[in-house]
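Peer 1: sequence unknown, structure follows:
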DNA sequence: ATACTTAATGGACGATCGTCCATTAAGTAT
DNA sequence: ATACTTAATGGACGATCGTCCATTAAGTAT
């Protein structure tokens, strides 16, 4: 075969070649663009394959071979499009964080202006199937663990946290204004801290045993905690 | 050197040999036992080196070479004493879980009989420096992530969780008896769920930013949450 | 002293890792 | 049609991985 390739070769039928190289190419569905050359699509496919692989077998066993096998792309693509495995991992972490926040904002957009509704929407979104599922909790956990040894992943991991925290704190500050006590800022700070800790704990709990987890019980518990801080809200 | 070792060789001075093989052996302190042959000590050293390596560079980069380098033992010891790297990881997970629970029980032994004191002792112990520190939170996080792909680690990871849960639930059931409402068991169940989630969330929070974490604020937040469920306790 | 058992050593081994690049294919400009 | 640019391919490469075992050292029984 290598001898064959060494020669001039414009004469073997292109159709046949195409079918052998990407043989079971029925995966087209809606993702595939018009042609076989589509660098943007290749990048997205590599990131998706990376996230899927991490979710399925863990970041420790996520190798270049496993990723390109799942993406059905060739070995050199990672180096071509990302410069190496590490940069691909960082890009995947960034993409994952952005998707989390886009979905979160989609969940709270109807609540705009009403801080209490925003908080409840954040809770429902963060604990909902779209954001909290086996795939996402495993990926989240993997990236958080890798952050200590990988500055790039750490950056996008903390960015996600910060945006969530700011959203929550802003809403709690609005609510805390209705309680004109002397410890206004303390109240908003404690509520923000407590809610984030509860949400993080819920993700850990879900990760440990997804099938035993009750989203309704989780929302109920968190609501009860917050209403303890703001007696005239969250009833 | 290999030629030298091939010969009979009982004649090179033992002292000199000892000094060259384990040259900077000032680490003796109190750990080293009487002689150089001590299988039990070797096992412990390998487990300790494994946990330290995981805490320092992450479980992904924890290789056989890194472990034996840190333990200052020879390459074959892992296979000799544990049968392979995986079994060593499982043994390390078991050891870690047992040490956690031993320390926890040490923290709650003075509170025996008083369920409210037990809960507060569990909280203080779980959030205390001895149990919650950079090393332990990183190891805890790594093992929890690895549990999905490793049944052995999963076993000892869930065992630790179960023992903590039982301790907490038992105490909350005692407390709930003082509130003779119709939803006694629900109350204890919710309190157990909420406290465990809060503690897990605190560990995640600490892991993400150890230096910004306040143990006092954490205890205060959790206490406020529980007193919301049990108004006549935790004041 | 000698024979025997057990602990420890450290290198050989095949497998797999991530990177890199020469080569080919596809698409565009003229 | 032809020249040129860019995307994609897939194997070669050295490095490193975990396992295994022949050999040696240490300790014990007689």
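Peer 2: Looks like it came in fine. All values derive from a computational prediction rather than experimental measurement.
Peer 1: Was I right to think residue A:226 contacts residue A:195?
Peer 2: Yes: using CB atoms under 8 Å, residue A:226 makes contact with residue A:195 at a distance of 6.6 Å. For the C-beta atoms, the positions are set from N, CA and C on the backbone; glycine is no exception.
Peer 1: The two - which one has more neighbours?
Peer 2: The neighbour count for residue A:226 versus residue A:195, taken as other CB atoms under 10 Å in any protein chain shown, is higher for residue A:195 (25 against 22).
Peer 1: residue contacts, the closest residue to that one other than its chain neighbours?
Peer 2: Leaving aside its sequence neighbours, residue A:195 sits nearest to residue A:168 (CB to CB, 6 or more residues apart in numbering or on different chains; 5.8 Å). Neighbouring residues of residue A:168 by CB atoms under 8 Å, 6 or more residues apart in numbering or on different chains: A:119, A:122, A:192, A:195-196.
Peer 1: ok, and the most crowded of those?
Peer 2: Going by other CB under 10 Å, residue A:119 tops those with 27 neighbours.
Peer 1: ok, of the contacts of residue A:168, which one's closest to DNA strand D?
Peer 2: Of all those, DNA strand D sits closest to residue A:196, with 35.4 Å by CB to the nearest atom of the strand.
Peer 1: how about the contacts of residue A:168 in CSV, adding secondary structure and pLDDT?
Peer 2: Output for the contacts of residue A:168, formatted as CSV (DSSP: H, G, I helix; E, B strand; the rest coil; pLDDT from 0 to 100):
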residue, secondary structure, pLDDT
A:119, helix, 98
A:122, helix, 98
A:192, helix, 96
A:195, helix, 97
A:196, helix, 97
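Peer 1: Geometric centre of chain A: which residue is closest?
Peer 2: residue A:96 (3.1 Å; CA atoms, centre = their mean).
Peer 1: So that one sits against residue A:137, correct?
Peer 2: No: using CB under 8 Å, residue A:96 is not in contact with residue A:137, being 11.6 Å away.
Peer 1: How about the contacts made by residue A:153?
Peer 2: Contacts of residue A:153 by CB under 8 Å, 6+ apart are A:89-90, A:93, A:143, A:146-147.
Peer 1: follow-up on the earlier one: secondary structure class of the residue nearest to residue A:195, three-state.
Peer 2: helix (DSSP: H, G, I helix; E, B strand; the rest coil).
Peer 1: For residue A:202, see how far away it is.
Peer 2: Note on residue A:168: its distance to residue A:202, by CB to CB, to the nearest Å, is 14 Å.
Peer 1: same deal with residue A:215?
Peer 2: Applying CB to CB, the value for residue A:215 to residue A:202 is 9 Å.
Peer 1: for residue A:104, same thing?
Peer 2: Taken as CB to CB, the span from residue A:104 to residue A:202 is 15 Å.
Peer 1: The two - which one has more neighbours?
Peer 2: Each of residue A:104 and residue A:202 has its neighbours counted (other CB under 10 Å); residue A:202 has more, 26 against 21.
Peer 1: host element of that one?
Peer 2: Using DSSP states H and E, residue A:202 maps to helix A:184-208.
Peer 1: Can you name every helix or strand that that helix contacts?
Peer 2: Under the contact criterion of 3 or more CB pairs under 8 Å, 6 or more residues apart in numbering or on different chains; DSSP states H and E, helix A:184-208 touches helix A:115-126, helix A:134-146, helix A:151-176, helix A:215-229, helix B:134-146, helix B:151-176, helix B:184-208, helix B:215-229.
Peer 1: Could you provide these in CSV, with additional columns for distance to DNA strand C?
Peer 2: Compiled in CSV, those are given as follows (distance: least, CB to the nearest atom of the strand, whole Å):
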stretch, distance to DNA strand C
helix A:115-126, 31
helix A:134-146, 13
helix A:151-176, 13
helix A:215-229, 35
helix B:134-146, 16
helix B:151-176, 20
helix B:184-208, 24
helix B:215-229, 37
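Peer 1: Quick check: which of these is nearest to residue A:47?
Peer 2: Of all the helices and strands packed on helix A:184-208, helix A:134-146 sits nearest to residue A:47, with 11.4 Å by CB to CB.
Peer 1: in that closest one, what counts as buried?
Peer 2: By neighbour count on 16 or more other CB atoms under 10 Å in any protein chain shown, the buried set for helix A:134-146 is A:136-146.
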